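1. Pasting the sequence and the predicted coordinates here, then a few questions.
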Amino acid sequence: MKMRKQIVAGNWKMNNNLSQTEALIDALKSKSQASNAEVMVAPTFTNLYHASQALHGTTIEVIAQNMHFAENGAYTGEVSASMLKSIGVKTVILGHSERREYFNETDDLLAKKVDAALANDLRVIFCFGEELADRKSGNQDAIVEAQLKNALFHLEGEAFKNIVLAYEPVWAIGTGETATPEQAQDMHAFIRKTLAGTYGDDVANDMTILYGGSVKPANAQEIFSKPDVDGGLIGGAALKADDFFAIVNAF
C-alpha cells in the first residue's frame, strides 16, 4: 500500500441548493464507511456551514471551492480564509481549471491565494494542468512545470506539508478526448520529478498528487493503481452518492 496520504475529494461546483445538499449529505452519510482514503466534499459557499455542521463527527471533511487572497475589505462577493476557518473549514481548492478559464485567475494571483491560505493554516488542494492545444503540440510538460513553479515554488519546502496537488488535464474534461491511466501516471511522475528537482526527494515522495480528469467508478481502480496517483478530484460523479463511494472504495 502507498505510504502517501490518499484522498478522494468531490467538487460539487455550482450545483445543489440547500435541500439538494441536505439530500446528498444524507445519502453520503448512509454509505460512509472506513476507507484507506481521506474523503472530502466541496459544496457551494451558501451551503458550506450547513454541510460542515451536518457532517461534523463523520469521516467526511467539508472543504471550500475557492477563496480570496485578502483578509477582508472592499471585495464584493468574495470570501476570505478566516471566514472559512470560522465555520470549521480546514481545506480549500485553489487554481481549478474553471477558475483559470472563466475568471482569468493567473499564476501570480494564485500564488497570493496560496500564501493567504497557508498563513491561515488552511490546507490547499492546488489544481493545474494543460489544455488540448498544449497536449496536441507536446507542450504539456512545460505548461505544467510553469504553473507549478510560478504559483508554488516561492514557498519553503516545509510549506508543502499543507499542500495537495491536483493534476487536471483540461483537454480530457468534457471534450470527448480521453486520458489513459498511463498518461495520468506519466504526468504524475513528471510532477514528482519536478518537485524533487527543487525541493528534494523527501518532499516529492511525500506529496499527495490527485488526478482530476473525469474519474468514474468504471476507471477509478485502474487510475488509482498507478504508482504516482494518490487519489482523485472528482466532478460530476461526486454528485451521486453511489458513484462517489464506488470511487472512494476503488482503493
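-> Thanks, I have the structure now.
2. And Lys226, how far from Ala37?
-> The spacing between Lys226 and Ala37, counted by C-beta to C-beta, to the nearest Å, is 15 Å. Every residue, glycine included, has its C-beta placed from N, CA and C.
3. list the contacts for Ala146?
-> Taking C-beta atoms under 8 Å, 6 or more residues apart in numbering, we find Ala146 in contact with Asp107.
4. hang on, the earlier thing: and Lys226 and Ala37? which has more neighbours close in?
-> When neighbours are counted by other C-beta atoms under 10 Å, Ala37 comes out ahead of the other of Lys226 and Ala37, with 20 against 16.
5. Setting the sequence-adjacent residues aside, check what's closest to the more buried one.
-> The spatially closest residue to Ala37, leaving aside those adjacent along the chain, is Gln6, at 4.1 Å (C-beta to C-beta, 6 or more residues apart in numbering).
6. next one: Gln221
-> Leaving aside its sequence neighbours, Gln221 sits nearest to Ala250 (C-beta to C-beta, 6+ apart; 4.2 Å).
7. Quickly find the element holding the one you found.
-> Following DSSP states H and E, one finds Ala250 outside all helices and strands.
8. Which stretches in this protein count as strands?
-> Ranges of strands within the chain are 7-11, 38-42, 60-62, 91-94, 123-128, 163-167, 209-211, 231-234, based on DSSP state E.
9. hang on, isn't Ser35 packed against Thr59?
-> Yes - contact criterion C-beta atoms under 8 Å: Ser35 and Thr59 qualify, at 7.2 Å.
10. ok, back up a step: and the residue nearest to Gln221, how close does it get to Val79?
-> Separation of Ala250 from Val79 (C-beta to C-beta): 32 Å.
11. And the lowest-mean-pLDDT helix or strand in the chain, what does it pack against?
-> Every helix and strand in the chain was compared by mean pLDDT, DSSP states H and E; the lowest is helix 132-136, with a mean of 91. In terms of contacts (3 or more C-beta pairs under 8 Å, 6 or more residues apart in numbering; DSSP states H and E), helix 132-136 is packed against no helix or strand at all.
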